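**Q** next comes the sequence, and after it the predicted model I'd like to discuss.
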Amino acid sequence: DFTFNGASSKDMVWDSSDGNLEFADNAAATFGNSDDLSIFHNGSNSIIQDSGTGQLKIQTNILSIENAAGNANMISAVEGNQVVLHFNGAGKLSTKTDGVDVTGEVQCDSLDVDGDVDFDGGQVTYSASNNTLDFADNAKAQFGASDDLQIFHDGSHSRIKDTGTGTLRVTSNRFVLNNAADNQTLIDATEGAGVDLFFASAKKLDTEAYGINVTGTIDTDTLIVTGVS
């Protein structure tokens with residue numbers, strides 16, 4: 001065996017019995033003209049300290065950082081391939097050619113996505129180029145604690161479905177309902193004024209302060225007049 005820096009202190013000892021170069025607490029292995037790189041144990045923690053210029057580089061084709069027992073990965077990296085972050089030995093985040101793959105839940109204080117978004121294999125997608133949020137058939141936008149209001153397309157029809165308590169209310173100072181081509185008015189309602197009903201864009205009935213005004217013929221099975229006619 002060899003003892004350095006005096007037999008009494010034994011700051012650094014070569015132990016031939018186990019083939020180890022042993023450093024006492026706070027005795028450091030230093031590298032560089034100015035002790036730029038130090039490796040030591042301070043009695044509480046093991047420390048690799050780079051205090052010089054430049055970077056601390058680890059160069060390898062495969063890197064594995066494991067737990068103290070050596071039976072569970074924490075970080076693994078393969079040259080030209082993925083880097084994987086683990087939780088209790090299970091891979092949770094892996095880099096890939098087009099970004100990252102997360103296994104499990106992403107929890108964050110804020111989320112800023114600069115590009116397209118795909119939920120559950122295209123059930124709901126956001127197109128950054130078109131600035132649209134797209135829902136597949138039967139994929140619903142739902143509102144309320146019990147999904148009281150639902151908006152969706154079932155493959156045949158577009159539906160606004162209110163299944164909760166209370167009423168379905170649309171509030172506006174003017175409400176206009178047009179055809180799908182947006183070139184014909186079906187209903188036109190103005191706050192504080194009348195409601196107009198149309199046939200092929202021709203107004204047929206409008207409400208007035210005194211009642212209603214009909215343009216054309218009234219076709220009815222029964223007509224009951226309770227006042228002056």
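**A** Received the coordinates, thanks. Residues are numbered from 1 along each chain as shown.
**Q** what is the least confident helix or strand in this protein?
**A** When each helix and strand of the chain is scored by mean pLDDT, DSSP states H and E, strand 2-4 comes last, with a mean of 55.
**Q** give me the number of residues near residue 145?
**A** Residue crowding around residue 145 was assessed by other C-beta atoms under 10 Å; the count is 6. C-beta here means a position set from N, CA and C on the backbone, and glycine is covered the same way.
**Q** could you list the low-pLDDT ranges of this protein?
**A** 1-9 (pLDDT under 70).
**Q** grab the most central residue of it for me.
**A** Centroid-nearest residue in the chain: residue 111, 6.1 Å away (criterion: C-alpha atoms, centre = their mean).
**Q** which secondary structure state does that residue sit in?
**A** Here residue 111 is coil, with the state taken from DSSP: H, G, I helix; E, B strand; the rest coil.
**Q** against residue 125, how distant is it?
**A** Computed as C-beta to C-beta, to the nearest Å, the residue 111 to residue 125 distance reads 16 Å.
**Q** list the neighbouring strands of the helix or strand just after the least confident helix or strand of the chain plus their orientation.
**A** Using DSSP states H and E, the helix or strand that directly follows strand 2-4 along the chain is strand 12-15. The pairing partners recorded for strand 12-15 under DSSP bridges are strand 2-4 (antiparallel), strand 20-23 (antiparallel).
**Q** what residues does the longest one touch?
**A** Right, the one you point to is strand 20-23. The contact list for strand 20-23 (C-beta atoms under 8 Å, 6 or more residues apart in numbering) reads 11, 12, 13, 14, 15, 29, 40, 41.
**Q** what packs against the helix or strand just after it?
**A** Heading C-terminal from strand 20-23, the first helix or strand you meet, by DSSP H and E, is strand 29-31. Under the contact criterion of 3 or more C-beta pairs under 8 Å, 6 or more residues apart in numbering; DSSP states H and E, strand 29-31 touches strand 37-41.
**Q** past the strand it packs on, which element shows up next along the chain?
**A** Counting by DSSP H and E, what follows strand 37-41 is strand 46-50.
**Q** helix or strand right after that following strand?
**A** Following strand 46-50 toward the C-terminus (DSSP H and E): strand 62-66.
**Q** from the contact counts, what lies against that following strand?
**A** Applying 3+ C-beta pairs under 8 Å, 6+ apart, one finds that strand 62-66 contacts strand 73-78.
**Q** so which bits of the next helix-or-strand element following the strand it packs on are buried?
**A** The helix or strand immediately downstream of strand 73-78 is strand 83-87, counting by DSSP H and E. Within strand 83-87, the residues that count as buried by 16 or more other C-beta atoms under 10 Å are 84, 85, 86.
**Q** contacts for stretch 64-81?
**A** Outside stretch 64-81, the residues that touch it by C-beta under 8 Å, 6+ apart are 60, 61, 62, 63, 83, 84, 85, 86, 88, 89, 91.
**Q** what is the end-to-end distance of that stretch?
**A** End-to-end distance of stretch 64-81 (C-alpha to C-alpha, to the nearest Å): 14 Å.
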